[in-house]
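Asks: Just a sequence and a predicted model for now, questions to come.
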Amino acid sequence: MDIFIALTALAGALSTYLIAHHNRFDAIRASAASSIIAYGILSLLPVNLALYSVAFFGGTFIGMSAPKRFGFFTLTISSLLFSILFEYLVPLLDGYGGALGLSAFLSVCICHMGILMGAPRSKKSN
């Protein structure tokens, strides 16, 4: 597992989650704003810009689905699951779109199912 992909996805999820709690931002605006800022920052770094910006954007999908359901702990676990699934699904699916959405959905779904089955849960922030 590429640790930078995991950290990038976690940064995307956390930034969207935190921004979405402000009055002027909903989840979609938070995802868009954080993705634009992250793209600008990542363009200054010597990394594969396409791969890491897509990983960040996928992380924002997790942050968009989590504000009403997850706290920081479950958001972090879901982001790490996303990065693992993303790395394995990108070679199998044609293009980033399918792997991105499927990885985000599965990671949130796995965490939610774990909570329903009694896994420890972090408190939702208001």
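Replies: Done, it's in.

Asks: I'd like to know which elements the helix or strand harbouring Phe73 is packed against.
Replies: Here Phe73, judged by DSSP states H and E, is contained in helix 72-89. In terms of contacts (3 or more Cβ pairs under 8 Å, 6 or more residues apart in numbering; DSSP states H and E), helix 72-89 is packed against helix 3-19, helix 49-65, helix 96-116. Every C-beta, even on glycine, is put in place using the N, C-alpha and C of the backbone.

Asks: Which among those is found nearest to Phe73?
Replies: Nearest to Phe73, of all those, is helix 96-116, at 9.7 Å by Cβ to Cβ.

Asks: So what angle separates the directions of the strand or helix carrying Ile28 and helix 49-65?
Replies: Per DSSP H and E, Ile28 falls inside helix 27-42. Orientation check (axes from the mean of the first three to the mean of the last three Cα atoms, to 10 degrees): helix 27-42 against helix 49-65 gives 150 degrees.

Asks: Quick one: residues contacting the spatially most central residue of the chain.
Replies: For the chain, the residue whose C-alpha lies nearest the mean C-alpha position (Cα atoms, centre = their mean) is Gly59; its distance is 1.7 Å. The contact partners of Gly59, by Cβ atoms under 8 Å, 6 or more residues apart in numbering, come to Thr8, Ala9, Leu10, Ala11, Gly12, Ala13, Thr16, Ser79, Phe82.
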